[in-house]
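1. The following block contains a protein sequence and its predicted model.
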Amino acid sequence: MVKIMTETGLIDISADVFTNLAGAAATKCFGVRGMAMRSVSDGLVHLLKKEVMGKGVKISARGDNAIAIELHIIVKNGVNIPVICRSIINEVRYKVSIDTGVEVESVDVFVDSIMPE
């Protein structure tokens, strides 16, 4: 997905790396119950297990060395949604850029559902 040319060779980073990093960073933020995915068959939002949390993340390439990230999450009841979303955006942007060296152009957070503790 993203190719980085270094003095020693070419590094090719797949979308799975970005989805796993972004999903892990988002779910560690306070107030997040987990990643979400809307079912095609019934239209309901489902909480994803840790093994498949990458399905709640969409990565889009933006040029040679930049990406855009879209996250679908489920939050805990009673939390301040704008504050949580800002925290997620900062954490995901930092974690992905530090771990891969790729510029994160944008992080969009979609709160698909609110669940009780």
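-> Looks like it came in fine.
2. List the buried residues in the lowest-mean-pLDDT helix or strand in the chain.
-> Every helix and strand of the chain was ranked by mean pLDDT, DSSP states H and E. The lowest is strand 45-47, at a mean of 82. Of all the residues in strand 45-47, those buried under the rule 16 or more other C-beta atoms under 10 Å are V45, H46, L47. Yep, even glycine has a C-beta here, placed from its N, CA and C like the rest.
3. Wait, the last one touches S39, no?
-> No. Shown here, L47 and S39 do not form a contact pair, counting by C-beta atoms under 8 Å, at 11.4 Å.
4. Which strands or helices does the lengthiest strand in the chain pack on?
-> Longest strand of the chain, by residue count under DSSP state E: strand 103-115. Here strand 103-115 touches strand 32-38, strand 45-47, strand 66-76, helix 81-100, going by 3 or more C-beta pairs under 8 Å, 6 or more residues apart in numbering; DSSP states H and E.
5. Correct me if wrong: S113 contacts N77.
-> No. Counting by C-beta under 8 Å, S113 sits too far from N77 to count as a contact (10.1 Å).
6. need the contact list for the most centrally placed residue in the chain.
-> Nearest to the mean C-alpha position of the chain, counting by C-alpha atoms, centre = their mean, stands A22 at 3.6 Å. When the contact criterion is C-beta atoms under 8 Å, 6 or more residues apart in numbering, the partners of A22 are V57, I59, I69, L71, V92, K95, V96, V107.
7. redo that, cut-off 7 Å
-> By C-beta atoms under 7 Å, 6 or more residues apart in numbering, A22 lies in contact with V57, I69, L71, V92, V96.
8. Quick check: the farthest pair among the residues you listed?
-> Using C-beta to C-beta, the contacts of A22 span at most 11.2 Å, a distance reached by L71 and V96.
9. between those two, who's got more neighbours?
-> Higher neighbour count among L71 and V96: L71, with 26 against 22, using other C-beta atoms under 10 Å.
10. give me phi/psi at the closest residue to M1 other than its chain neighbours?
-> Distances taken as C-beta to C-beta, 6 or more residues apart in numbering place A15 nearest to M1, at 4.5 Å, with adjacent residues excluded. Dihedral pair for A15: phi -60, psi -30, per degrees, to the nearest 10.
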